[in-house]
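[1] Need a 3D model of the sequence below.
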Amino acid sequence: MFNILSILTIMGVAGHRVVAQTTIRSEYEKTRILLLLDGSQSMFRDWETSTRMNVAKAAITDILDSVGGNENTYFALRVYGHQSPENIRDCKDTKLEVPFSSGNIERIKSRLKTIRPRGTTPIAYSLEKSATDFPKDPASRNIIILITDGIESCDGDPCAVSLALQKKNIFIKPFIIGIGLSTDYTRKMECIGSYYNAKRERDFKIILMNIVEIALSSTSAQVSLLDQQGKPTETDVNMTFYDQFSGLIRYNFYHTLNQRGMPDTFFIDPVNKYDITIHTTPEIRIREVEIFHNKHNDIRTNAAQGNLQMELRGITMKDHVHGRIKCLVRKAGGDEIIYVQDFNTSYKYLVGKYDLEILTLPRIIMKDVDVSQTKTTIIQIPGPGLVSVIRKYAGYGAIFIETEDGYEKIYTLNENSITELLAMQPGKYHIVFRSKNAKQTRQTIEKTFIVNSNVSVSVKL
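    Take a look at the predicted model:
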């Protein structure tokens, strides 16, 4: 009999570096494991010392003897392809032989002894029916271990069924153990879940033990947000962990430094690969992160940040207008707006260069503004002046600035209003207006006016 705690899994890590250290406890109240066993005719084939079915039965029995007494672990047994002969091709041949319940281990072992392979391989239909096998319990995570020596032999799509049930949170990504399958079938299995190919009898037993160990473990992790010196000093940002297979959100944490000034530890399910979004500005995305089960995982990524502070010069008018002035922030050379920042605020960005579009009247464009680590880059613009545009009648009009190419329109007057109050940057402007009542083009009015910082001016038309 195998001791499950003596078997370790060596797993590769995709994406950013993960450092493994120490063993950690489980965080889940209950774990339900559905053993989905192939009972098709091909399971009668000889392997090394016995038939494929007998090897599978023996390994499952060892598992049940090893961990079946855990009060927070529940097993159930569903078998497919064992009720109808192969020549009938019964694509609904699946049955929950022993449901989830406490103290059912002996029932599962007893039922395993009597199962004889007979029929075909309806994997998709069996996965679909397994959705009803798990009791509704948010305190439990549901896991399927699919054991098969063949691929889908009916018309179902096990990949689509598996993904749909994962998105409904029926179970997390299944484990699949292929018995004697060629490498050509790997892709057909990997779309269902985490696939392991057992070439030998001993491989099968070790893989099954490994899977159960992973299923029963929860693993500690930390996210190290590195500054430009490679030290994990950045913090206080939200982190979202997505199941890489189904796209579902599995965890949402706010990054924290502990009392020693190091990234704080949290617990995470090692069953899934994760796509992680660090909600800095702009966001950091880490793809396909694998977690070492029963180890401490350090997920490291560069996240050096600095502050960008927007200020209005002067005090006379800024308290009345600063909340209405916004700045559109883009990465230098990019089109996507990554943040809209209010004036007289400070906000943190990843280090780098940014293009600013300040929504004053007229707009101010600043290119390649540098944000440096732990520093505050201050952007100051003159406080605007307040311009009152007053006309006797509603009408059509616009405000222009003079450029090398002529007049450039910066604002269109409200044609249904007779007064407007505008916050405008210091400068020289032209206003062109015609009343709705005027029936001749020559009745157009043009005026020039000057705006000074933090000073009010009236323009009467």
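[2] residues contacting I207?
    I177, Y196, A198 (CB atoms under 8 Å, 6 or more residues apart in numbering). In short, each C-beta sits where N, CA and C put it, glycine included.
[3] Could you do Q373 as well?
    Residues in contact with Q373 (CB under 8 Å, 6+ apart) are D227, Q228, A304, Q305, G306, V351.
[4] In ChimeraX, how would I select the buried members of those?
    Here is the ChimeraX selection string for the buried members of the contacts of Q373, based on 16 or more other CB atoms under 10 Å:
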select :227,304,305,306,351
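[5] In terms of distance to K167, which of the contacts of Q373 ranks first?
    Distances from K167 to these, taken as CB to CB, are shortest for Q305 (34.2 Å).
[6] Report the beta-bridge partner residues of the closest one.
    Residues in a beta bridge with Q305, per DSSP bridges, are L350.
[7] still on that earlier bit, now the contacts of Q373 as TSV including pLDDT and distance to K331?
    Putting the contacts of Q373 into TSV (pLDDT from 0 to 100; distance: CB to CB, whole Å) gives the following:
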residue	pLDDT	distance to K331
D227	96	20
Q228	95	18
A304	97	15
Q305	97	14
G306	97	14
V351	97	12
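[8] From the contacts of Q373, pick the one nearest D133.
    Nearest to D133 among the contacts of Q373 is Q305, at 47.6 Å by CB to CB.
[9] hang on, isn't the closest one packed against Y347?
    No - if you go by CB atoms under 8 Å, Q305 and Y347 don't touch, sitting 10.1 Å apart.
[10] hang on, the earlier thing: the contacts of I207 in strands, which ones?
    Among the contacts of I207, the residues falling in strands (DSSP state E) are I177, Y196, A198.
[11] which of these lies closest to M310?
    For the ones in strands among the contacts of I207, the nearest to M310 is Y196 (54.7 Å; CB to CB).
[12] Quick check: the gap between the closest one and L421.
    Going from Y196 to L421 by CB to CB, to the nearest Å gives 70 Å.
[13] Between those two, which is the more surrounded one?
    Y196 (17 against 12; other CB atoms under 10 Å).
[14] Helix, strand or coil: sort out D65 for me.
    Using DSSP: H, G, I helix; E, B strand; the rest coil, the structure places D65 in helix.
[15] I meant to write A58 there.
    helix.
[16] same check, this time on L356
    Counting by three-state DSSP, the backbone at L356 sits in strand.
[17] With adjacent residues omitted, what lies nearest to it?
    Spatial nearest neighbour of L356, excluding adjacent residues (CB to CB, 6 or more residues apart in numbering): M366 at 4.2 Å.
[18] hmm, back to that, make TSV out of the ones in strands among the contacts of I207 and add pLDDT and distance to G427.
    Shown next, in TSV, are these (pLDDT from 0 to 100; distance: CB to CB, whole Å):
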residue	pLDDT	distance to G427
I177	95	74
Y196	93	70
A198	93	77
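[19] Now distance to E48 too, for these, in TSV please.
    Formatted as TSV, these follow (distance: CB to CB, whole Å):
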residue	distance to E48
I177	16
Y196	18
A198	11
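[20] Pick the one among these closest to T49.
    Of all the ones in strands among the contacts of I207, A198 has the smallest distance to T49: 14.1 Å, by CB to CB.
[21] tally of neighbours for that closest one?
    A198 sits with 24 neighbouring residues when counted by other CB under 10 Å.
[22] what about the helices in the stretch 51-200 of the chain?
    Ranges of helices in the stretch 51-200 of the chain, per DSSP state H, counting those that start in this stretch, are 52-67, 105-114, 123-130, 158-167, 186-190.
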